[in-house]
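Novice: With the sequence up front, the predicted model follows.
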Amino acid sequence: MENKTVQLQLRSSIQQQHDTDVIEKKYEATYHLVNGVHYFRFEDDETGKNTVKIDVKQKVMTFLWEKHAIKRVVFSQQDDTQMHYHLPQGMMVFDVQTTKLDYLFNEQGDMIAFHLHYKLKQDNQLFGRYRLQYTVQN
């Protein structure tokens with residue numbers, strides 16, 4: 001499938017201890033489907049070039065960031081994964097527990113929304129709860 005330009009709208013909820021932050025952003029993104037895997041590519045002022053790779057059959061979502069302390073995170077409902085956060089002082093490792101991955105498609109088979117909920121833990125202690133909701137518009 002050839003690349004298609006879409007509007008990607010993000011609503012992110014971040015809960016750490018007793019504080020919750022909500023972030024809303026809009027991006028112009030490139031969407032394409034290759035061998036059953038959905039790709040969204042877009043640019044952000046803070047993180048540079050971003051790629052979201054969604055393998056619906058494997059139930060895995062991968063985020064890649066160009067200019068971020070975290071370069072790559074894999075989210076899987078089958079297995080917990082790890083996130084490596086690179087800081088000038090050294091690297092922090094977080095355990096990633098994905099609690100929800102779901103997707104919505106239109107009648108043509110294009111992805112129109114995807115949702116991700118996960119928890120981060122460090123040394124078996126809860127660091128935060130995260131909810132990302134992406135809406136895709138043609």
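Specialist: It's in.
Novice: For the residue sitting furthest away from the middle of the chain, give me phi and psi.
Specialist: Counting by CA atoms, centre = their mean, the extreme residue of the chain relative to its mean C-alpha position is residue 89, 25.5 Å from that point. When quoted as degrees, to the nearest 10, the phi and psi of residue 89 stand at phi -80, psi -10.
Novice: On the pLDDT front, check the closest residue to residue 106 other than its chain neighbours for me.
Specialist: Distances taken as CB to CB, 6 or more residues apart in numbering put residue 112 closest to residue 106, at 5.1 Å, once the chain neighbours are dropped. Bear in mind the C-beta positions are built from the backbone N, C-alpha and C, glycine included. At residue 112, the predicted lDDT confidence score is 93.
Novice: measure residue 112 to residue 57 for me?
Specialist: Using CB to CB, to the nearest Å, one obtains 18 Å as the distance from residue 112 to residue 57.
Novice: Between these two, tell me which one has more neighbours.
Specialist: residue 112 (15 against 7; other CB atoms under 10 Å).
Novice: Hmm, the more buried one is touching residue 134, no?
Specialist: No - between residue 112 and residue 134 there is no contact under CB atoms under 8 Å: 9.6 Å.
Novice: ok so, going back, confidence score at the residue farthest from the centre of the chain?
Specialist: In this prediction, residue 89 has a pLDDT value of 89.
Novice: One more: the one 10 residues further on?
Specialist: You'll see residue 99 listed with a pLDDT of 97.
Novice: Now do the contacts for it.
Specialist: Contacts here follow CB atoms under 8 Å, 6 or more residues apart in numbering; on that basis residue 99 touches 77, 117-119.
Novice: which of those count as buried?
Specialist: Buried subset of those (neighbour count, 16 or more other CB atoms under 10 Å): 77, 117-119.
Novice: from the residues you listed, which is closest to residue 71?
Specialist: Comparing those against residue 71 with CB to CB picks out residue 118 as the nearest, at 17.2 Å.
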